[in-house]
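> okay, sequence plus prediction incoming.
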Amino acid sequence: MNLQPNHLKSETIALVPLVPGDFEALYAVACDPLIWEQHPNPDRYQKEVFENFFKGALASKGAFLIRDTQTNAILGCSRLYDYDAINSEIKIGYTFFSRACWGKGINKEVKKLMINYALDFVGKIIFHVGASNFRSQKAMEKLGAEKIGEEVVAYFGEANRNNYVYEIKKAPNFR
């Protein structure tokens, strides 16, 4: 499974593999404190904290820059990570969007591209969502993900945080 395929696109969204040169443009989106207010790590709008996040995204080898195909504007970032071939599972997460994207179905479109791709290789997709991130919890429910538990998650270079665990299993009627 290639964690950074370059063909994940729709009419309006393109997921482009993240590269080191994307930092400044992505930080221009991420520097809005309101994006992170419900996130387990609410200081990510600060440049030095975001630098660590970006370093982890590159290290994951599965991170994407999310672009608007019409304007080429950067809308946010997401990633595929922790691929486990033995258990036929992968995680999708570390997703954020500019506030201009909120409520417009962009998260659902991005996640569907990633989910449909991943389900060609695995039987189960896991999402970790911060226990206080109500927006993301609601988004998971809209995607049809099932809340299956709670666990403490170790974030790259950041403190461990309590998260809810959501799951989508491969099903013939998902697509």
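Perfect, thanks for sending it.
> surely H7 is within a strand?
No - when the secondary structure is assigned by DSSP: H, G, I helix; E, B strand; the rest coil, H7 falls in coil instead of a strand.
> so G56 sits in a helix?
Yes - looking at G56 with three-state DSSP, it is inside a helix.
> count the neighbours of it for me.
For G56, the number of neighbouring residues by other Cβ atoms under 10 Å comes to 17. C-betas here are computed from N, CA, C, even on glycine.
> any idea how far A63 is from it?
The spacing between G56 and A63, counted by Cβ to Cβ, to the nearest Å, is 8 Å.
> give the residues shared as contacts by the two.
Shared contacts of G56 and A63, defined by Cβ atoms under 8 Å, 6 or more residues apart in numbering, are found at Y94.
> for the strand of greatest length in the chain, packing partners?
Residue-count comparison of every strand in the chain, with assignments taken from DSSP state E, identifies strand 74-84 as the longest. In this structure, strand 74-84 makes packing contacts with helix 23-30, helix 47-60, strand 63-68, strand 89-97, helix 106-118, judged by 3 or more Cβ pairs under 8 Å, 6 or more residues apart in numbering; DSSP states H and E.
> can you list the strands that it pairs with?
Looking at strand 74-84 with DSSP bridges, its partner strands are strand 63-68 (antiparallel), strand 89-97 (antiparallel).
> how far off centre is the last one?
The one in question is strand 89-97. Average the C-alpha atoms of strand 89-97, do the same for its chain, and the two points are 3 Å apart (Cα atoms, centre = their mean, to the nearest Å).
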